[in-house]
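**Student:** I'd like to go over a predicted model; first the sequence, then the structure.
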Amino acid sequence: MRTDNESLACGCDGCCSPSQPCRPVFPYRKWHRHHSPSPAPVIEAEDLALRYPGAAETVVSGVSFALAQGECAGLIGPNGAGKSSLLKGLAGILKIEHGRFLVHGRTPELCRHSVAYLAQRSRVDWHFPITVHDAVLAGRYCHLGWVARPKAADHEIAKHSLDRVGLAHLAHGSVGTLSGGQLQRMLLARALAQEAELFLLDEPFNALDADSKIGLIEVIHSLKSEGRAFLIATHDCLGEHLCLDKIFSLGSGGVFSSGKVAS
């Protein structure tokens with residue numbers, strides 16, 4: 001156990017010991033990997049408010065909710081309600097101006113690698129010349145830093161992640177050749193390689209055919225069974241209800257409500 005006169009290079013708040021400290025995840029400096037999961041909900045948000053730089057008004061305000069391990073929540077609301085902005089705030093892309101947000105009972109700066117944000121397909125350049133394997137391998141860089149090269153173990157994790165989502169046979173193909181459903185599963189594989197526990201998905205079912213939706217839902221169910229949590233922004237949850245446990249409704253002006261899917 002840690003004594004009063006001992007200090008840890010990781011600078012953590014006492015969750016580890018000198019024999020097994022938290023490992024600083026460069027380049028995030030203060031972000032750490034913690035070895036034991038917290039019994040707290042995956043995420044807890046209280047009275048969150050978000051504002052874009054230079055904007056006069058908040059884009060989202062008064063948002064409070066909790067999401068437990070293995071839960072999948074749908075985030076619904078009209079265009080302009082702030083669904084994508086809320087996901088960006090939870091992912092650390094957009095600064096939270098007010099409120100309290102915890103991931104596994106800790107501030108997100110201490111476990112940012114545990115949160116994976118999957119942007120809308122239209123906001124990603126799918127013509128970038130990169131293989132499917134290398135795109136998934138990118139999920140390992142939050143553990144490697146800017147200068148370290150992926151090791152054999154990292155490549156094996158990427159390979160296993162692709163196998164988990166049923167894309168191992170496409171590992172050496174270009175991302176530009178994937179279908180919409182395959183692209184979404186590839187992004188889930190990258191999040192798995194990242195070792196994420198919370199998945200923030202922005203309109204993942206948009207423009208997918210029925211078979212692709214079913215395939216994606218099956219992968220989400222599999223990950224839920226392992227305790228991973230999902231927050232999925234969507235315009236219409238009727239087709240996605242097969243993987244949702246609860247619904248969060250975000251309206252204009254910051255109106256926020258929640259309920260079980262059965263209700």
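**Tutor:** That came in fine, so what should we check first?

**Student:** count the residues that sit near residue 156.
**Tutor:** 11 (other Cβ atoms under 10 Å). For glycine as for every other residue, the C-beta is placed from the backbone atoms N, C-alpha and C.

**Student:** under a three-state scheme, what state does residue 61 occupy?
**Tutor:** Look at residue 61: counting by DSSP: H, G, I helix; E, B strand; the rest coil, its state is strand.

**Student:** I'd assumed residue 49 was in contact with it.
**Tutor:** Yes. The pair residue 61 / residue 49 is scored as a contact, 4.2 Å apart, by Cβ atoms under 8 Å.

**Student:** look at the two and report which has more neighbours.
**Tutor:** residue 61 (19 against 16).

**Student:** send the alpha carbons of stretch 219-239 over as CSV?
**Tutor:** Output of stretch 219-239 as CSV, limited to C-alpha atoms (Å, rounded to 0.1, in the frame of the first residue of the first chain):
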residue,chain,number,x,y,z
VAL,A,219,-22.4,-5.9,-32.6
ILE,A,220,-23.8,-3.4,-30.1
HIS,A,221,-25.7,-6.1,-28.2
SER,A,222,-22.5,-8.1,-28.0
LEU,A,223,-20.5,-5.2,-26.5
LYS,A,224,-23.3,-4.3,-24.1
SER,A,225,-23.2,-7.8,-22.7
GLU,A,226,-19.5,-7.1,-21.7
GLY,A,227,-20.6,-4.0,-19.8
ARG,A,228,-19.9,-1.3,-22.4
ALA,A,229,-22.3,1.6,-22.5
PHE,A,230,-23.7,3.5,-25.5
LEU,A,231,-25.2,6.9,-26.1
ILE,A,232,-26.6,7.0,-29.6
ALA,A,233,-27.8,10.3,-31.2
THR,A,234,-30.6,9.6,-33.6
HIS,A,235,-33.6,11.3,-35.3
ASP,A,236,-35.8,8.2,-35.2
CYS,A,237,-35.4,5.6,-32.5
LEU,A,238,-38.2,3.4,-33.8
GLY,A,239,-35.9,1.3,-36.0
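
**Student:** pLDDT below threshold where in this structure?
**Tutor:** Along the chain, the model assigns pLDDT under 70 to residues 1-40, 122-124, 236-241, 252-259, 261-263.

**Student:** okay, helices next: where are they in this structure?
**Tutor:** 83-91, 132-137, 141-144, 152-164, 180-193, 210-224 (DSSP state H).

**Student:** TSV for those helices, including distance to residue 68?
**Tutor:** Output for the helices of the chain, formatted as TSV (distance: least, Cβ to Cβ, whole Å):
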stretch	distance to residue 68
helix 83-91	15
helix 132-137	27
helix 141-144	24
helix 152-164	22
helix 180-193	19
helix 210-224	11
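
**Student:** which one of those helices lies nearest to residue 250?
**Tutor:** Among the helices of the chain, helix 83-91 comes nearest to residue 250, with 5.7 Å by Cβ to Cβ.
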